[in-house]
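# Fold the following for me, if possible:
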Amino acid sequence: MPIHIPKVLQDVQSSVEALYNKFQSTDLLYHNLNHTQKVVQHCHEISVAYVIDETHSFIIWVAAWFHDTGHLFGVPLNHEERSVEIMKDYIEKKVEDTKIIDASASCIMATKVPNKPTTLAEKIVCDADTFNLGTKEFSDTDSRLKKLVNESTIFALMLSFCKKMAVRIAFIREVNVF
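As a prediction, this is how the structure comes out:
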């Protein structure tokens with residue numbers, strides 16, 4: 001069965017917006033509906049610089065809409081994997097082509113830090129997700145991310161662990177074994 005791409009994209013947008021409206025938390029200072037809408041917009045802006053067919057545009061758009069939905073249902077750690085599952089649960093009812101679904105999943109997973117995109121679609125989604133780093137918006141989004149880190153117990157624990165590990169690694173590198 002062929003995909004009616006405009007209809008599915010409209011359904012994706014409506015469904016993701018409904019998810020954010022239903023499950024939005026005040027804890028989501030950054031990874032919220034506004035961020036997702038900007039990522040979708042930036043994907044479009046970046047994509048126009050390339051000649052991208054309708055199928056690849058669809059892959060990018062689906063990934064952009066779903067890329068942070070995992071934040072709605074758990075801690076930030078591994079939210080990408082949850083986002084992929086949420087996307088698959090939804091899109092498998094609309095799209096039969098597993099290559100399209102897998103490509104959208106790969107785009108979502110490519111946003112995991114450190115980013116390691118390999119395809120053009122993955123690179124576009126990654127760049128759109130961090131687009132604010134090169135704009136005037138950065139100071140606003142950076143302050144919201146700092147607030148998120150400071151107010152989040154899991155982030156505080158992760159930061160503490162990383163600092164301890166950095167000290168240990170530095171120590172191990174400096175030790176001379178004879």
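# which stretch of helix or strand covers residue 21?
helix 5-23 (DSSP states H and E).
# Spatially nearest residue to the residue nearest the centre of the chain (excluding sequence neighbours)?
The centroid of the chain falls nearest to residue 67 when counting by Cα atoms, centre = their mean (3.7 Å). With Cβ to Cβ, 6 or more residues apart in numbering as the criterion, residue 67 has its nearest non-adjacent residue at 4.9 Å, and that residue is residue 108. Where you see a C-beta, it was placed from the backbone N, CA and C, and this is true even at glycine.
# Summarise which helices and strands the one helix or strand the one you found maps to is packed against.
Taking DSSP H and E as the definition, residue 108 sits inside helix 98-109. In terms of contacts (3 or more Cβ pairs under 8 Å, 6 or more residues apart in numbering; DSSP states H and E), helix 98-109 is packed against helix 54-66, helix 79-91, helix 120-129.
# OK, contacts around residue 45?
residue 128 (Cβ atoms under 8 Å, 6 or more residues apart in numbering).
# if I look at it, how far off is residue 31?
20 Å (Cβ to Cβ, to the nearest Å).
# and if you look at residue 125?
Distance from residue 125 to residue 31, counting by Cβ to Cβ: 15 Å.
# quick one: average confidence on stretch 17-30?
Mean pLDDT, stretch 17-30: 82.
# same check, this time on stretch 43-61
94.
# try stretch 107-116
In the prediction, stretch 107-116 has an average pLDDT of 90.
# what's near enough to touch residue 78?
By Cβ under 8 Å, 6+ apart, the contact list for residue 78 reads residue 70.
# Helix, strand or coil: sort out residue 52 for me.
coil (DSSP: H, G, I helix; E, B strand; the rest coil).
# now the helices and strands packed on helix 98-109 as JSON lines including mean neighbour count and distance to residue 113?
Shown next, in JSON lines, are these (neighbours: other Cβ atoms under 10 Å; distance: least, Cβ to Cβ, whole Å):
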{"stretch": "helix 54-66", "mean neighbour count": "23", "distance to residue 113": "16"}
{"stretch": "helix 79-91", "mean neighbour count": "19", "distance to residue 113": "9"}
{"stretch": "helix 120-129", "mean neighbour count": "23", "distance to residue 113": "10"}
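# out of those, nearest to residue 16?
helix 54-66 (4.5 Å; Cβ to Cβ).
# gap between the residue nearest to residue 67 and residue 4?
Applying Cβ to Cβ to residue 108 and residue 4 gives a distance of 23 Å.
# of those two, who's got more company?
Using other Cβ atoms under 10 Å as the criterion, residue 108 and residue 4 rank with residue 108 on top: 30 against 11.
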